[in-house]
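# below are the sequence and a predicted model for it; my questions follow.
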Amino acid sequence: MSATAFAVRPTTARQLAGTGVLLRFALRRDRVMIPVWVGVNTLMVLSMPNTLKSLYGTAAERADLVAQMATNSSLRAMVGPVLGDSLGALTAWRAGVYAGALAAVVGLLVVVRHTRDEEESGRQEMVASGMVGRRAPLTAALLAAAVANGALALLVAAGLAGQGAAGAVAFGLGLAGVGMVFATTAAIVAQLTESARLARGLTAGVLGAAFVLRAAGDAATDDGSSPLTWVSPLGWLTNLRAYAGERWWVLGLFAGAALAQGAVAYALAGRRDLGMSFLPGRPGPAAGRLRSAGALAWRLQRGGVLGWSAGFLLAGLAYGGMADGAAELVGDNESAREMFQRMGGRSGLTDTFLAAMAAMLGLVAALYIVASVLRLHGEETSGRAEPVLAGAVGRLRWAAGHLAVAFGGTVLLMLLAGVGLALGHGERAGAIIGACLVQVPAVWVTGGIAVLLYGLTPRAATAAWGVAGAVLLIGWVGPALDVPATVLDLSPFGHLPKLPGGEMAWPPLLVLTALAAGLTAAGLAGVRRRDLTT
């Protein structure tokens with residue numbers, strides 16, 4: 001063996017020194033977030049076989065569904081094509097796109113949190129002063145994402161094994177593959193930008209583009225063969241064809257993309273200084289433009305607000321255009337009709353679908369408000385809040401600026417979602433916009449819980465993600481499983497009137513608004529009395 005080979009090994013070992021310790025630390029920090037989101041994703045997938053069996057219990061009903069989906073391009077754009085008529089194939093069809101997207105979100109959040117977030121806060125500089133290799137933090141972050149995606153693959157494969165072992169393994173590995181592709185995408189973006197917020201936003205933009213490409217491809221063809229579908233990693237999950245004649249070689253696309261992107265991320269990580277980035281940061285505003293704590297909060301969060309707003313408007317347009325197609329697909333299937341009614345309204349099927357979509361967008365808005373509220377926690381732990389508060393700015397004024405963006409942004413998101421639904425559907429704009437705005441008090445309650453956790457127990461502030469995950473789980477999976485009303489009522493969304501189609505009820509909205517105000521006030525009282533987190 002050459003002397004060069006001997007020289008490479010110690011160099012590689014030094015660059016990865018401390019990876020194990022950092023991985024254990026990352027998993028300890030994410031001991032709430034990873035289990036909650038993996039659990040939500042797993043339960044969403046595993047709830048599908050029984051739900052689909054109750055909706056399409058006979059082979060004839062399933063064959064009719066396949067035939068209808070072949071002619072319904074709008075719904076193929078929403079959930080993908082149906083490639084088989086078994087319960088396993090229908091599960092992969094119904095849950096695949098959204099379970100894959102959720103796995104991608106978890107992957108990007110984990111990687112950015114343990115790379116760029118650590119550098120931005122200054123903690124990585126302290127860690128790097130010890131016996132830690134140059135590439136150890138990136139390696140630990142990717143391994144933490146691999147642990148999350150590996151757990152998801154194992155749980156999904158075990159849970160769906162009764163529908164067929166080969167399809168279960170293929171589907172589980174496909175979900176993990178999507179998660180790792182976007183985890184390595186986030187690893188690259190984290191090297192390019194000097195802001196964790198921007199890194200998350202850009203990676204989420206790549207995920208959004210992948211969804212749009214897949215949707216366009218699936219709308220064009222009924223078998224996933226469109227070139228646009230093959231460009232998207234979410235399309236690869238469809239073309240893996242779990243339970244429909246598995247194409248095992250497609251897993252090589254996931255592995256190849258993850259390895260190639262990981263290699264690029266490692267190369268970039270070795271060519272920059274700690275805390276620096278390849279894309280230069282923009283200079284700050286001219287003096288005098290930020291005259292208040294609220295103006296600063298808006299500047300810090302405006303990118304996220306605008307990105308979420310565009311997403312909600314586009315989602316509303318897409319779902320509004322699908323309303324009539326959904327009514328045609330359900331047809332005379334009474335079980336499907338009843339499930340939609342549990343999710344949404346109780347009038348016509350089109351109203352029921354629109355109500356269900358408004359409720360779903362409200363659940364997603366809960367993620368926005370938690371992320372926006374927890375920006376306070378990020379500003380505090382990174383040390384950026386301290387110089388602001390050292391001036392003539394009180395804690396309540398500082399916090400109020402961020403909360404105004406969080407709670408006011410929720411109203412904007414749901415308003416744009418309603419506008420999109422109304423434009424896509426083309427009828428009854430007032431009723432549809434009202435159905436979306438009705439979701440706001442329930443979203444505010446979720447945000448109020450986040451404020452309470454941050455104000456009273458800042459170390460447990462990230463548990464607000466667990467609350468949001470539980471709300472999502474109840475809202476998405478509960479109606480499909482026909483869980484008791486007492487369980488659905490644990491979510492603030494379970495108390496909202498089902499519009500359009502149902503009757504308007506003001507008392508629940510007023511109670512939820514008052515509850516959100518009380519939770520927020522209690523959280524702000526905690527912020528005012530406690531010491532800043534260092």
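Received the coordinates, thanks. Since we're looking at a predicted model, the values are computed, not measured.
# every contact and neighbour count from this point should use C-alpha atoms.
Will do.
# my guess is Thr238 contacts Asp222. True?
No: assessed by CA atoms under 8 Å, Thr238 is found out of contact with Asp222, at 11.2 Å.
# mind checking which of these two has more residues around it?
For Thr238 versus Asp222, neighbours defined as other CA atoms under 10 Å are more numerous around Thr238 (29 against 21).
# how close does the more buried one sit to Ala161?
According to CA to CA, to the nearest Å, Thr238 stands 19 Å off from Ala161.
# for Arg299, same thing?
Separation of Arg299 from Ala161 (CA to CA) stands at 49 Å.
# tell me which of the two has more neighbours.
Under the criterion of other CA under 10 Å, the comparison of Arg299 against Ala161 puts Ala161 first, with 15 against 12.
# could you look up the SS state of that one?
For Ala161, the assignment made with DSSP: H, G, I helix; E, B strand; the rest coil gives helix.
# burial of the nearest residue to it once chain neighbours are set aside, as a residue count?
The shortest distance from Ala161 to any residue other than its chain neighbours is 5.4 Å, reached at Ala168 (CA to CA, 6 or more residues apart in numbering). Per other CA under 10 Å, the neighbour tally for Ala168 reads 26.
# and Ala168, how far is that from Val181?
20 Å.
# could you do Met504 as well?
Taking CA to CA, one finds Met504 at 45 Å from Val181.
# looking at the two, which is more packed in?
Val181 (26 against 16).
# tell me the mean pLDDT for the helix or strand hosting that one?
According to DSSP states H and E, Val181 maps onto helix 165-192. For helix 165-192, mean pLDDT is 95.
# could you tell me how far it lies from the centre of the chain?
Taking the mean of its C-alpha atoms, helix 165-192 sits 14 Å from the chain's own mean (CA atoms, centre = their mean, to the nearest Å).
# report the buried residues of that helix.
Buried residues in helix 165-192, counted by 16 or more other CA atoms under 10 Å: 166-192.
# ditto for stretch 46-60
Across stretch 46-60, burial judged by 16+ other CA under 10 Å covers 46-49, 51-53, 55-56.
# cool, and stretch 520-534?
Here stretch 520-534 shows 520-524, 526-527 as buried, counting by 16+ other CA under 10 Å.
# now these as JSON lines including pLDDT, secondary structure and distance to Thr203?
As requested, the buried residues of stretch 520-534 are exported to JSON lines (pLDDT from 0 to 100; DSSP: H, G, I helix; E, B strand; the rest coil; distance: CA to CA, whole Å):
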{"residue": "Thr520", "pLDDT": "96", "secondary structure": "helix", "distance to Thr203": "31"}
{"residue": "Ala521", "pLDDT": "96", "secondary structure": "helix", "distance to Thr203": "34"}
{"residue": "Ala522", "pLDDT": "95", "secondary structure": "helix", "distance to Thr203": "35"}
{"residue": "Gly523", "pLDDT": "94", "secondary structure": "helix", "distance to Thr203": "31"}
{"residue": "Leu524", "pLDDT": "94", "secondary structure": "helix", "distance to Thr203": "32"}
{"residue": "Gly526", "pLDDT": "92", "secondary structure": "helix", "distance to Thr203": "34"}
{"residue": "Val527", "pLDDT": "90", "secondary structure": "helix", "distance to Thr203": "32"}
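# out of the residues you listed, which is nearest to Ala242?
Thr520 (45.8 Å; CA to CA).
# which residues are in contact with the closest one?
Counting by CA atoms under 8 Å, 6 or more residues apart in numbering, Thr520 makes contact with 447-449, 451-452.
# give me the buried entries from these.
Neighbour counting with 16+ other CA under 10 Å marks 447-449, 451-452 as buried within the contacts of Thr520.
# distance of Thr51 relative to Gly205?
Going from Thr51 to Gly205 by CA to CA gives 32 Å.
# what's the answer for Arg299, then?
For Arg299 relative to Gly205 (CA to CA), the value is 20 Å.
# so where's the chain shaky on pLDDT?
1-12, 273, 275-290, 324-348, 479-483, 534 (pLDDT under 70).
# centre of the chain to the longest helix belonging to it, how far?
Ranked by residue count and defined by DSSP state H, the top helix of the chain is helix 293-330. Centroid separation between helix 293-330 and its chain, computed with CA atoms, centre = their mean, is 13 Å.
# same question for stretch 155-163.
Distance of stretch 155-163 from the chain centroid (CA atoms, centre = their mean) equals 23 Å.
# ok, now stretch 371-389?
22 Å.
# send me it as CSV with only the CA atoms.
Output of stretch 371-389 as CSV, limited to C-alpha atoms (Å, rounded to 0.1, in the frame of the first residue of the first chain):
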residue,chain,number,x,y,z
ALA,A,371,-42.6,28.5,13.1
SER,A,372,-43.3,32.2,13.3
VAL,A,373,-43.8,32.3,17.1
LEU,A,374,-40.7,30.2,17.7
ARG,A,375,-38.7,32.8,15.8
LEU,A,376,-38.7,34.6,19.1
HIS,A,377,-36.9,31.6,20.7
GLY,A,378,-34.3,31.6,17.9
GLU,A,379,-33.6,35.3,18.3
GLU,A,380,-33.2,34.9,22.0
THR,A,381,-31.0,31.8,22.0
SER,A,382,-28.8,33.1,19.2
GLY,A,383,-28.0,36.3,21.2
ARG,A,384,-29.5,38.6,18.6
ALA,A,385,-32.3,39.7,21.0
GLU,A,386,-30.0,40.9,23.7
PRO,A,387,-28.6,44.0,21.8
VAL,A,388,-32.2,44.9,20.8
LEU,A,389,-33.4,44.7,24.3
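# list the buried residues of that stretch.
By 16+ other CA under 10 Å, the buried positions in stretch 371-389 come out as 371-377, 380-382, 385.
# nearest to Gln124 among the buried ones among the contacts of Thr520?
Proximity to Gln124 was ranked across the buried ones among the contacts of Thr520 by CA to CA; first place goes to Val451, at 27.2 Å.
# residues touching that closest one, list them.
Val451 neighbours (CA under 8 Å, 6+ apart): 373-374, 519-520, 523-524.
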